[in-house]
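1. this is a predicted model, with the sequence first.
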Amino acid sequence: MPPTLDTHSLAHAAELISQADALIVAAGAGMGVDSGLPDFRGKDGFWQAYPALARAGVDFYSIACPDAFHSDPQQAWGFYGHRLQLYRATRPHPGFALLKRWGQAKPLGYAVFTSNVDGQFPQAGFESDTLYECHGSIAHLQCLTPCSPAIWPADDFLPEVDAQQCLLLNAPPLCPHCGGLARPNILMFNDADWCEQRARQQATRLERWLAGISRPVVVELGAGSVIPSVRHFSERVIHAFGGRLVRINPREPGVPTRLDIGLAAGAAQALAEIDGLLAGGCA
């Protein structure tokens, strides 16, 4: 059973959202759980999703690393190819549409800051010029070496994966410039070769937009403190841009000031309950 959320906290969240001139969505890995995406927190969760890697004793930090593509590209692309298939086939949960609707209704619009590489926001119809994917995107590729800073869409790569063995069965994608192995344009662990130009352009666009808003609200979803990229961004908006924070996280809902609000729930549930108040004019 989902948790019962305090009506006062929900009303506070709805009020913060209704009074803002702009909406900022800040999303971590927990945002995708309600869409059915796996949770990689801890070895147990990761190895449950990838039993072949469990049998081999390969943890998330070892496979989500450029060295994996150098040492065993068939296994590395088995892992990332499976994820690419999964993300392409996953339908974003209804909370995405609620966030987009709220953002479109704001006088100064909305923006998205996410550490997720799953491409769920574009699939949910969020415009590309509103996104900052700070860790990159599995929907884009780069050269493994890299021979150049080029980044290109992965649309033409259709991985065939033996999920039981976590191995790529067909040919991996290659760099169109040097013919060498390509890899996802994702910031991995121990990654000195990530081509960050795409993310840097997104960051620049977001900073320009932030400079023109005065009463933003950050709706942060599923962002934990272990990899705190999203939390750091959310709290920077509070301090640097006069924003307020609605933090939705079932495990770590604490907020930095008493003016902000934390909801101990999953993204889909909390967003639906807030939307009920906004639609009813209760905020």
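-> That came through, no problem.

2. could I get the contacting residues of the residue nearest to residue 34 when sequence neighbours are not counted?
-> Excluding the flanking residues, the one nearest residue 34 by CB to CB, 6 or more residues apart in numbering is residue 268, at 3.9 Å. The C-beta positions use only the backbone N, C-alpha and C, and glycine is treated the same way. Contact analysis of residue 268 by CB atoms under 8 Å, 6 or more residues apart in numbering lists 34, 93-95.

3. work out for me the element residue 268 sits within.
-> Residue 268 belongs to helix 267-279 when elements are defined using DSSP states H and E.

4. equivalent analysis for residue 219, please.
-> Applying DSSP H and E, one finds residue 219 within strand 216-221.

5. direction included, what does that strand pair against?
-> Strand 216-221 has the following sheet partners, assigned by DSSP bridges: strand 22-27 (parallel), strand 244-248 (parallel).

6. output these as CSV; include the columns distance to residue 5 and mean pLDDT.
-> Converted to CSV, the strands paired with strand 216-221 look like this (distance: least, CB to CB, whole Å; pLDDT from 0 to 100):
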stretch, distance to residue 5, mean pLDDT
strand 22-27, 19, 98
strand 244-248, 10, 98
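
7. switch the ones you listed over to TSV; also include distance to residue 130 and mean neighbour count.
-> Listed next are these as TSV, based on distance: least, CB to CB, whole Å; neighbours: other CB atoms under 10 Å:
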stretch	distance to residue 130	mean neighbour count
strand 22-27	9	26
strand 244-248	18	26
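
8. could those strands go into CSV alongside distance to residue 254?
-> Output for these, formatted as CSV (distance: least, CB to CB, whole Å):
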stretch, distance to residue 254
strand 22-27, 15
strand 244-248, 8
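
9. now for the contacts of residue 268: which two are most distant?
-> 34 and 94 (8.7 Å; CB to CB).

10. please say which of those two ends up with more neighbours.
-> Shown here are residue 34 and residue 94; by other CB atoms under 10 Å, residue 34 has more neighbours (20 against 16).

11. what sits against that one?
-> Neighbour list for residue 34: 93, 95, 266-269 [criterion: CB under 8 Å, 6+ apart].

12. relative to residue 225, how far out is it?
-> According to CB to CB, to the nearest Å, residue 34 stands 20 Å off from residue 225.

13. next one: residue 271
-> 21 Å.

14. and the two? which has more neighbours close in?
-> Neighbours per residue (other CB under 10 Å) separate residue 271 from residue 225, with residue 271 holding more: 27 against 13.

15. what about the closest residue in space to the more buried one that isn't next to it in sequence, which helix or strand?
-> Spatial nearest neighbour of residue 271, excluding adjacent residues (CB to CB, 6+ apart): residue 95 at 3.9 Å. Here residue 95 sits within helix 94-105, counting by DSSP H and E.

16. so what's the gap between the helix or strand that comes right after that helix and the chain middle?
-> Per DSSP H and E, the first helix or strand lying C-terminal to helix 94-105 is strand 110-114. Chain-centre distance of strand 110-114: 10 Å, with CA atoms, centre = their mean, to the nearest Å.

17. who's in contact with the helix ranked longest in the chain?
-> Using DSSP state H to define each element, the chain has its longest helix at helix 73-89. Here helix 73-89 makes contact (CB under 8 Å, 6+ apart) with 37-38, 50, 52-53, 58, 63-64, 68-69, 118-120, 138-139, 154, 157, 159-163, 165-168, 172, 181, 183-184.

18. out of these, which end up buried?
-> 37, 50, 52-53, 58, 63-64, 68-69, 118-120, 138-139, 154, 157, 159, 161, 165-168, 172, 181, 183-184 (16 or more other CB atoms under 10 Å).

19. okay, and which of these map to helices?
-> Under the assignment DSSP H, those contribute 52-53, 63, 68-69, 120 to helices.

20. residue 188 is in contact with residue 65, correct?
-> Yes - at 5.2 Å, residue 65 counts as touching residue 188 under the criterion of CB atoms under 8 Å.

21. who's more crowded, these two?
-> Using other CB under 10 Å as the criterion, residue 65 and residue 188 rank with residue 188 on top: 23 against 16.
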